[in-house]
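Enquirer: need the 3D shape of this:
(2 chains, ligands or ions: 5)
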Amino acid sequence: MKKDQVIPIRPEPGSELPPAQLTAVRAALAQQQHRPGALLPVLHAVQDALGYVPAEAVPLIAWELNLSRAEVHGVISFYHYFRQEKPGRHVLQLCRAEACQAVCGATLEAHAQQCLGVGFHGTTADGALTLEPVYCLGNCALGPSVMIDGELRGRVSPERFDHIVAQARQTP
Amino acid sequence: MQSIAEHDYGTPPPRWVNIGQSSSSAAAEAPLVSLNIDGVEVSVPQGTSVLRAAALNGINIPKLCATDQLDAFGSCRLCLVQIEGMKGYPASCTTPVAPGMKVTTQNDKLAALRRGVMELYISDHPLDCLTCPANGHCELQDMAGAVGLREVRYGYEGDNHVYAKLADGSVNARFVAKDESNPYFTFDPSKCIVCSRCVRACDEQQGTLALSIQGRGFDSKVSPSQNESFLDSECVSCGACVQACPTATLSENTLIAKGQAEHSIVTTCAYCGVGCSFRAEMKGEEVVRMVPDKDGQANHGHSCVKGRFAIGYATHPDRITKPMIRARTSDPWREVSWEEAIAYAASEFKRIQSRYGKGAIGGITSSRCSNEETYLVQKLVRAGFGNNNVDTCARVCHSPTGYGLRQTLGESAGTQNFDSVLQADVIMVIGANPTDGHPVFASLMKRRLREGAQLIVADPRRIDLVRSPHIEAAHHLKLKPGTNVALVNSLAHVIVTEGLVNEAFVRERCEQPAFEKWRKFVADARHAPEAMEAVTGVPAAELRAAARLYATGGNAAIYYGLGVTEHSQGSTMVMGIANLAMATGNIGREGVGVNPLRGQNNVQGSCDMGSFPHEFPGYRHVADEATRTQFEKAWGVSLLAEPGLRIPNMFESALDGDFKGLYIEGEDIAQSDPNTQHVTAALNAMECVVVQDLFLNESAKFAHVFLPGSSFLEKDGTFTNAERRIARVRRVMKPKAGYADWEITQLLANAMGYAMNYRHPSEIMDEIAALTPTFQGVSYARLDEMGSIQWPCNEQQPQGTPTMHVGEFVRGKGRFMITEYVPTHEKVNTRYPLILTTGRILSQYNVGAQTRRTENVAWHHEDRLEIHPSDAEARGIVENDWVGIASRAGETVLRAHLTDRVQPGVVYTTFHFPESGANVITTDNSDWATNCPEYKVTAVQVTRVSQPSQWQQRYRQFSERQAELLQARDSAVK
Ligand code: SF4
Ligand code: SF4
Ligand code: SF4
Ligand code: FES
Ligand code: FES
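Expert: Ligands and ions are numbered 1, 2, ... in the order given. Next comes the predicted model:
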């Protein structure tokens, strides 16, 4: 008998989530679980509550919806919308679609990445901001466009961008 | 990589999904459709894809994402064709045939399109074909050839998954290194073409859903569970994905190490009662890999981790290949020649017989040996030893099945074939854990459940089937161990009192007086679910709902396992199950029936072959004059009319000093039989124990003669699986020790003075067929021709019998039996407050002698005690603690695992490792009719401990001593 070797046994679904997150995930499940095709609504509800879908939530979601972990992971990773990492305090979405590109969107992209020191989907070192690409915010006439925490801003020049960032950094 | 010997028709044959159509005629033959492919008129069943229709007629349309084991997916766009009257270029794999269709599979336009597709694939694929394990059988390579790809215009400099470093020397973030976590296969993502065949194989074929495609577009990647390694994921290593992969991305490690096989031989898995058919892919005498056979009628090209991968034991260095003898079990072994070993065993047996009487010796056959070998051993005992002291390990598992089903239906076997489950609307699983015990059948069952069949599980423990991805039991009857009969009576009570009996069926097919008696019996209020709730622990409402579902849900099929038989009332429960099926008319057609899930590969066969002390082959009593005369004539000796000793009687008699010699073929009674200490005491009391096995197993540690046996790869023969299917085992290499097991038995018989002169196992089968009515039509020639045969196979049923009791029961009219519930003697009290029940796990097999000697230990390397958190807390036990388990019979120590799979008051363990000594604690209690031991119920106490039990310490000392004696063997044959 090899006493030192212990076979890892899969933890109970959800047991690896911190209590606050567990409550949020359970609430999201309770709310959405019974509708047909519940997975997407549940994932949305979890992301709305936590800002992302933690990997530790996947086993619980899978167990409750009677899916496999692989299936849930496949769906989360298929949609860029779902974050798998904890985002910064603020989420800054930058439009990369044609109309914005036509009005120096690329310059703004480069500026944004350089000034924040992160690429797309990255979070700044101080945890303040997460930069995400979007494809058209429906604000094409007033590009380049960004959205900060769900609020739309048009005609964003590099200077305006810096201002938005500075403001965000100051708010919790 | 697919088998080197099979053709791939691209998509599976059409199948009728018949949920809710509760008649056996639901699987109507699909009508034929005629169409024209490349100017050739062809006719195929409706629902066939154009791709398959073409392949069936010798026209091979290029394809990558399609394979005939999986539903069409339509993602690679290589199988494009042109169809007159249809726009564009439809994918032939997803396009069903239609009458009058005109299909063109090859022209310049199609060729250009296909080349374009291939060019894209190849531009992100390494070009190391010459050193690639799939070389020679890679579908990507074949398709590049088929479409005539000559150049790839897009270089590898840009975005790719192929190289670890980019052109500028920086790290390629897309590159993912090989995953070698699984001991049997390697995943090399750089070769993946994201055809998702592996994902679909895991979903559709295996039903584990451990894989998915993560991300999208160029980011797509195959991900086990949440992008983990294969070993950390839910993967159960069935290998379906490896077989489905068209490239070398997923490859068996043995294929990588040894290269492509040059021939393949069809044989049958020697592990479990599913009896999967395999192609052993060989390089000379070396097995390169085992590939489940698509034509296999039991498994249809699927397998589990044991059959496909765990064959390393056959060449394990622990195998003993020289005969050995010793006068006393405390002496060192002495290697001797075959002649000396056989002569010694025979002279000892003869000495014992002359001193203690004819009945002082006997034999034990094994469910792991072939039909022919089993037949020979019982013949040796009956004709050569001149007594009927022959028994088999099926005694300890399915003897109640034989007895119970014979009493009620008239035949000691399951009523259906496996495929029948695809017609079931309601599936009731009682005391069985198919996903672990019968994995390939479980996959088939899960497929049906995903299609919408309803599931009822009766088991003390929450087995995986109760809830796993896309599967959920409608009712889980979580009964207390040992209360099966109470449960089945309650189910019957509901059916009878709520008017759910199929009166027409019962009137026409069953004995009326017996039925009336039974009806009155179960209608009694004491069987009401409400009254029994306190006994079984199953809420009455849940039980009523389950009974109604079983009786009214359409085709209802019962599958049961050792959780039914290994009880003091095992036989009663089997009869109770048969009663249920008869009362609801769920017997005698596809989709219904009573199906024992047999444990070992040849349990059915060893029972059929006359392994029991009271029965000749074909379940005919030794007292039956006509049968006996027939055998006496054929064997040329006079035979005893009295039954011989059963295994437990042999032990008793040995302890009394009357039974002195035992020939054990391929069985390990010292580990597998209950109350180990009693068994070993009995073996110690014998003067000549002859063990014939691959390894020096637990029993061999008490043996005087060791005859090295042969693995299933080394001999010809047949196995009979749980659906009565007789299938060929074929020799792919010569016996390591020189003789196949049947030859060894024959040598022993001749040395004992009873002549046997078979030249090949086929001659033994011919003798069996001549003497056994149900086997009359079986011969090796017929087996080669038909692939496999389900007995009875005779003049009335020349093609064999997939479904039994059609139109009429084997015994004529079905007989209802009274099934009074009698609680077991094994009761909990304050000293032993918990009930221990036992089971097994997917990766290990039986006593584990084989699987413990393979990489399967990666999944399970020790037996653990499952205990409910509340019981654990009351005893201060936490996860991984060492706990002592004490029963009235003995004591052992295991590591604890806390889980709510078991209910409070119940603990559970497996018995795959000898040092766990799970059977040290099981008691001598047994089934009243057949002596099948009560493994499933033992009252125990569990406490935290810091050291192994006394038994384990003694076991360890003894095993070490025996290992030394083996080391010290001095070799007489140089
Ligand atoms: S080996 Fe079987 S269980 Fe594992 S991923 Fe492949 S198909 Fe799924
Ligand atoms: S691993 Fe093989 S089967 Fe799976 S997607 Fe890649 S190439 Fe296809
Ligand atoms: S162990 Fe059973 S299920 Fe697995 S491959 Fe062998 S016969 Fe099939
Ligand atoms: S393109 Fe940027 S908002 Fe529409
Ligand atoms: S084989 Fe038809 S699309 Fe791949």
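Enquirer: contacts, neighbours, all on C-alpha from now
Expert: Fine.
Enquirer: contacts only, for the closest residue to ligand 4 within chain A.
Expert: Across chain A, the shortest distance to ligand 4 (CA to the nearest ligand atom) belongs to residue A:136, at 3.4 Å. By CA atoms under 8 Å, 6 or more residues apart in numbering or on different chains, the contact set of residue A:136 is A:95-98, A:100.
Enquirer: can you tell me which of these are in strands?
Expert: Filtering these for membership in strands, criterion DSSP state E, returns residue A:95.
Enquirer: related to what we said a few turns ago, and the residue of chain A closest to ligand 4, helix, strand or coil?
Expert: Recorded secondary structure, residue A:136: coil (DSSP: H, G, I helix; E, B strand; the rest coil).
Enquirer: one step back: from the contacts of residue A:136, pick the one nearest residue B:423.
Expert: Residue B:423 lies nearest to residue A:97 out of the contacts of residue A:136, by CA to CA, at 52.9 Å.
Enquirer: surely that closest one meets residue A:135?
Expert: Yes - at 4.8 Å, residue A:97 and residue A:135 qualify as touching, with contact defined as CA atoms under 8 Å.
Enquirer: between the two, which has more neighbouring residues?
Expert: Summary of the neighbour comparison: residue A:97 and residue A:135, criterion other CA atoms under 10 Å in any protein chain shown, with residue A:97 having more neighbours (18 against 13).
Enquirer: and the more buried one, how far is that from residue A:107?
Expert: When CA to CA, to the nearest Å is applied, the distance between residue A:97 and residue A:107 equals 13 Å.
Enquirer: one more: residue B:635?
Expert: The gap separating residue B:635 from residue A:107 is 97 Å, by CA to CA.
Enquirer: ok, residue 101 - contacts?
Expert: Here I'm looking at chain A. Contacts for residue A:101 were tallied using CA under 8 Å, 6+ apart; they are residue A:144.
Enquirer: my question was about chain B, not that one.
Expert: Remark: with contacts taken as CA under 8 Å, 6+ apart, residue B:101 is in contact with B:34-37, B:83-84.
Enquirer: just give me the closest of those residues to ligand 4.
Expert: Lowest distance from ligand 4 to the contacts of residue B:101 (CA to the nearest ligand atom) belongs to residue B:83, with 40.8 Å.
Enquirer: how about that closest one, nearest residue that isn't a chain neighbour?
Expert: Across the structure, with CA to CA, 6 or more residues apart in numbering or on different chains as the measure, the residue nearest residue B:83 apart from its sequence neighbours is residue B:103 (4.6 Å).
Enquirer: where does the one you found land in three-state SS?
Expert: Classification of residue B:103 by three-state DSSP places it in strand.
Enquirer: so how many other residues sit close to the residue of the stretch 51-200 of chain B at minimum distance from chain A?
Expert: Checking the stretch 51-200 of chain B residue by residue against chain A with CA to the nearest CA singles out residue B:199 as nearest, at 9.7 Å. Around residue B:199 there are 25 other residues, counting by other CA under 10 Å.
Enquirer: tell me the confidence at it?
Expert: According to the predicted model, the pLDDT of residue B:199 comes to 96.
Enquirer: residue A:61 looks like it's in a helix, true?
Expert: Yes - looking at residue A:61 with three-state DSSP, it is inside a helix.
Enquirer: give me the neighbour count for the residue of the stretch 351-500 of chain B found nearest ligand 2.
Expert: Relative to ligand 2, the nearest point of the stretch 351-500 of chain B is residue B:443 (19.3 Å; CA to the nearest ligand atom). Look at residue B:443: counted by other CA under 10 Å, it has 23 neighbours.
Enquirer: likewise for residue B:876?
Expert: Taking other CA under 10 Å as the neighbour definition, residue B:876 ends up with a count of 12.
Enquirer: phi, psi for it please.
Expert: Backbone torsions of residue B:876, given as degrees, to the nearest 10, read phi 60, psi 30.
Enquirer: helix, strand, or coil at the spatially closest residue to residue B:264 that is not a sequence neighbour?
Expert: Leaving out its chain neighbours, the residue that sits closest to residue B:264 by CA to CA, 6+ apart is residue B:281, at 4.3 Å. Classification of residue B:281 by three-state DSSP places it in strand.
Enquirer: which residues does residue B:281 contact?
Expert: Neighbouring residues of residue B:281 by CA under 8 Å, 6+ apart: B:3-4, B:261-265, B:287-291.
Enquirer: could you redo the last one with a cut-off of 10 Å?
Expert: Listed by CA atoms under 10 Å, 6 or more residues apart in numbering or on different chains, the contact set of residue B:281 reads B:3-5, B:255, B:260-266, B:287-291, B:732.
Enquirer: and those residues, which of them are buried?
Expert: Among the contacts of residue B:281, those classed as buried by 16 or more other CA atoms under 10 Å in any protein chain shown are B:3-4, B:255, B:260-261, B:264, B:266, B:287-291, B:732.
Enquirer: how close does the residue most central in space within chain B get to residue B:306?
Expert: A centroid search over chain B (CA atoms, centre = their mean) returns residue B:272, at 2.8 Å, as the residue closest to the centre. Relative to residue B:306, residue B:272 is positioned 9 Å away (criterion: CA to CA).
Enquirer: can you check residue B:140 too?
Expert: 29 Å.
Enquirer: same deal with residue B:373?
Expert: Using CA to CA, one gets 23 Å for the distance from residue B:373 to residue B:306.
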